[in-house]
Every structure is written in C-alpha cells, then in structure tokens.
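Undergrad: any chance you can model this:
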Amino acid sequence: PDHPRRGQAVQVPADPSERELQGLGQLPRAGVRAREGARDPQAFRVGQGAEDLVGGLGHVVPQNYHAAVLLTDPQRRTLDRLIGQQERPVFAADLPERLAGRIRDELSDLVLEPPLWLGKEKLKDHDRCPGLFDAKVSGAGAAAPFEHGERSATGVLLHTAIEVEVGVRDELDAHALAAKAADRLVTREERFAEFWERTEPVERDLLLMETVRAIELFRASFPPLRELRGELTPMTEFRAKAELFAGGLILSGKIDLILGRQAKDDPAARRLVIDLKSAGAHPEYVEDLRFYALLLTLRLGVPPYRVASFFLDSGEWQAEDVTEETLGRAVDRVVDAARTAAGLGDGRALELNPGPWCGWCPVAETCPAADPPDRAAAMSSR
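TA: Sure, this is the predicted structure:
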C-alpha cells in the first residue's frame, strides 16, 4: 500500500532527499527557509533495531534506541525536516577565536565602562531606533517597573511548563503540568508571584487552560523528547554568556530549546537551536537566532548547525542553516551596538526612527521624533 496503516512498522529514511529539504522554499532574507507546515496527522510506528528511529537519528548522536516509538505525521516531519538527518557541517576549529578577534579588533579603540551587556532585546532596540537603545542602556527616562500582564504571564508559564515537560522523569497530565509550572514560578519569580496574587481565580484557570493548549501543541509537534533524551539531549531555558575585553563587553541570552549534543571526538556541528513562538513570523526573529548562534559559538566552541523559530499554533517553522556568513552578520550587529553605546554622552546626535516601539520607549514623552499617538500612549502608561 502507498500509506502504512496506523501502528504498522515502517523505516524512517536515514537521509531525506535534497529536493525534500529544499522544498521548504525561501524567505526574502537570504538563507531563511519559509515556514514549514505539517500534514494531516497519520501515525507511524518505528520498529526496533538498525532500521528504527535511531537509524534516522544517526547524524544527531550515534546511540542505540531500544524502544518502539509512535510518531504522528507532524512529529515525523519535525524530525525529518527540522531536526534533519543529513550530514552535519564541520566548522573550522579556529572560528570562535576569529569571531571574537574580529569584535576585539573593531572595538579596540573604545572604552567600555561600565561593562556593556548586550542581549537580543537590546540589539533589537538598536536596530529599531538608536534613541530607544540609548534610553535603555543609559537608564534615561521614567520607565515604569516591569509588571507581568496576561500576555507575558502566559508566555513565561508556557516556557516553564515545557521545561518541566522535558525535565521531569515521569509524564504528567497537561493540566497537572501547567499547575506545577505556575507553582514553580510563584516560588521562584517575584514579578510572576505578584501577578498571580492579584489575578482572580477564574482568570488564573483560563491562563492555565491556555498553557494546557500550548503543551498539547508542543507534544503534538515534536518527537517525544523525554523518551529520546539519550538521542536528542534536549535542554530548555539554556542560559549562556560570553565575555570580551576582560568583561567590558558581555553577550548573554536564554535559549528556549536546544536539541543535540557535541561529542568530544566529533568535529561536526550537532546542536539545533529552537525559539518557541506562540504568534506569527517576524523579520526580527531571524536576527535573534543569528545572535544565539554567535553566543553559542563563542561560549561552547562549536556553532549550532541550524537555528529556527517554531510556531506552536500552526506547527510551522522558519529555519536557517548556520554559516560563517550568518555568524558574521551577528558580529556586525554587536559591533554597531557597542559603538553606539560607547559614543553615548559625547554630544553626537542620534538617528531617531519612530515606530510602534515609541509606545514603550522611556523617553517617548520628550522625543521630537516620536509619533504623536505613540507619545500619547507612552504618557498614558506612566
């Protein structure tokens, strides 16, 4: 038959065809694959032995997998197309030092005092408007203290729930998982605890239900990560930082999900970086991922082979294979932002670019370039 019946053992192909991989298409930005969707679900049973799922994961990490795993079509597509089973790239061993050396060379004339911390948010602020970046770095303006709202609380609940989902020993019901994530946040994050305390019980339940939905979408989209810990080595909420100029410049970030581990005797890149999203695509996401790739290269010594934004609502993704060119683009953004930061306070006029971000800029009330509606929104939020 053309299609295996549910539960019938089939062989996962060890290497998808180039045509299949290229079928993802291209976004306007070079090298960024268009969002990949999932077909209607159909279950596949992966048998034991040399032809099982491990055969397909051979390029991720060479390890035998002894249990049968039932994969739906969306899970298998994520395995085949996003995680991928083609040969992994090998980067030059001196690449991390060359990237760090380029940053040091291009910023050698600057004095970075106090230490400058750069992460994806500050880099995005710099891309949007140097005036916004100036306000965030210098602490100018009267920015209100951060408080969780419904959207941010839902996001942190989801990420914590996925951390528990991947990390706990035994599978939990999605409702129990969401409740455990909330309990964990209440005891560990003061701002979330304040939000949870002032939220009505009914609203709490609705937020937990939203988290349950996201958990089920995550489970439906990825191969079972708990069962495949040995093969995929999933790591959630991965924090990393890289210091240059004896701590004068610090790059830092927290990555939602990393799959794959780097074997000490294997020069090929084995890690996949995934940024989980609950909404649609945005051009800024590509630059965020390139920064993550640079951060991991500097900190861990080997780049990831691929970076991707994964959209839970649709099961689609935007992926980019990491190259020296994309890492160089991330270096450019770091250098540009550091130069702007080092020049703050010297009297030079900054180029101001009004936009939606004026609504949360700390100096929007007095900025001559801020759009009037956004300036009014900023004033009303004080």
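
Undergrad: is it true that K241 lies in a helix?
TA: No. Secondary structure assignment places K241 outside any helix; it is strand (DSSP: H, G, I helix; E, B strand; the rest coil).

Undergrad: excluding its backbone neighbours, what's nearest it?
TA: Nearest-residue entry for K241: S252, 4.0 Å, with adjacent residues in sequence omitted and distances by C-beta to C-beta, 6 or more residues apart in numbering. For the C-beta atoms, the positions are set from N, CA and C on the backbone; glycine is no exception.

Undergrad: look up how far E190 lies from the one you found.
TA: 20 Å (C-beta to C-beta, to the nearest Å).

Undergrad: the two: which has the busier surroundings?
TA: Each of S252 and E190 has its neighbours counted (other C-beta atoms under 10 Å); S252 has more, 16 against 10.

Undergrad: assign the more buried one to helix, strand or coil.
TA: Each residue gets one of three states, and S252 gets strand by three-state DSSP.

Undergrad: please shift the residue numbers so they start at 48 in all later answers.
TA: Noted, 48 is the first residue going forward, which turns the last one into S299.

Undergrad: show me the contacts for it.
TA: Listed by C-beta atoms under 8 Å, 6 or more residues apart in numbering, the contact set of S299 reads W164, L165, G166, R286, A287, K288, A289, L342.

Undergrad: my read: the fourth one touches K301, true?
TA: Yes. When contacts are counted by C-beta atoms under 8 Å, R286 is listed as touching K301 (4.9 Å).

Undergrad: pLDDT score for the residue nearest the centre of the chain?
TA: When C-alpha atoms, centre = their mean is applied to the chain, the residue found nearest the centroid is D322 (2.3 Å). The pLDDT attached to D322 in the predicted structure is 97.

Undergrad: how about the one 3 residues further on?
TA: At S325 the predicted local confidence, pLDDT, stands at 84.

Undergrad: how far away is it from S361?
TA: 10 Å.

Undergrad: and A326, how many neighbours?
TA: Burial measure for A326: 10 neighbouring residues, criterion other C-beta under 10 Å.

Undergrad: picking up where we left off before, assumed the residue nearest to the centre of the chain was part of a helix.
TA: No. In this structure, D322 is strand, not part of a helix, as judged by three-state DSSP.

Undergrad: ok, it touching F357?
TA: Yes. Shown here, D322 and F357 form a contact pair, counting by C-beta under 8 Å, at 7.1 Å.

Undergrad: and R135, what element?
TA: Here R135 is covered by no helix or strand, with elements defined by DSSP states H and E.

Undergrad: how about the contacts made by the nearest residue to it once chain neighbours are set aside?
TA: What sits nearest to R135 in space, not counting adjacent residues and going by C-beta to C-beta, 6+ apart, is A315, at 3.9 Å. When contacts are counted by C-beta under 8 Å, 6+ apart, A315 is found next to H106, E134, R135, P136, V137, Y352.

Undergrad: who wins for neighbours among those residues?
TA: Top of those by neighbour number is Y352, holding 24 neighbours under the definition other C-beta under 10 Å.

Undergrad: wait, what's in contact with it?
TA: Taking C-beta under 8 Å, 6+ apart as the criterion, Y352 is in contact with G131, R135, P136, G307, A315, A316, R317, R318, L319, D368, V369.
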